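> how would this look folded up:
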Amino acid sequence: MDFKKEAIYKLQCYNAKRESIANTEAEIKRLEAELGRIRSATTDSTPVSGGTNQREDMLINNIALRIELKAAQADTVEWLRIVDDALRSLNDTDRRILDLMYMHRAKGNVDRLCEELHIEKPTAYRWRDNALRHFTMAMYGITET
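Next comes the predicted model:
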C-alpha cells in the first residue's frame, strides 16, 4: 500500500466528505417525509404469485435506503474524525500548506503560500513534502512500505 498516495487522497476528499454529512442528513429527512406520504399496502388484494405490490416495494425501498444512508453517514463521520485527529496533530504551518496544496487546491495557491510564508517555490514544495510526511505518519504511523 502506498500510504503517501492514500494520505493525499484523504486530503483531496476531505471537503466533499464534510459536505456529504449535511447532504445525507437532508436526504434521510426527505425519505422520512416521503415515507409518511406513502399509503399503506392494501391487504385485501391477492399478490401475484410470489410477488408484492408497488406500494410495498416503495415502503421496503424507502426503509432500505434510509438504513444504507445512515450507515454511510456513520462511516463518513468516523472517517472525518480520524482525519481531523491527524490534522490536529500538525502545526499550523503544516495544516495551512496541506490545505492550500490538497484540500482547497486552486490555481495560484503555491504563489499565495509563498507570499504568506515568505518563502521561495522550491522551499514551498519541500515544506509540502514534509507536511505530507507528518500527516501520513499521524494517519498511519508509517510513511513508506
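> contacts only, for residue 127.
Residues near residue 127 by CB atoms under 8 Å, 6 or more residues apart in numbering: 93, 94, 97, 117, 119. Using the backbone N, CA and C atoms, a C-beta is placed for each residue, glycine as well.
> the second one: how many residues sit nearby?
When counting by other CB atoms under 10 Å, one arrives at 20 neighbours for residue 94.
> distance of it from residue 74?
Plainly put, residue 94 is 29 Å away from residue 74 if you go by CB to CB, to the nearest Å.
> got it, and the first one?
From residue 93 over to residue 74 the distance is 33 Å, taken as CB to CB.
> between these two, point out the one with more neighbours.
In terms of neighbours (other CB under 10 Å), residue 93 is the more surrounded of residue 93 and residue 74; the figures are 14 against 11.
> now the most centrally placed residue in the chain: how far from residue 70?
Among the residues of the chain, the smallest C-alpha distance to the mean C-alpha position (CA atoms, centre = their mean) belongs to residue 17, namely 2.0 Å. In this structure, residue 17 and residue 70 are 16 Å apart, going by CB to CB.
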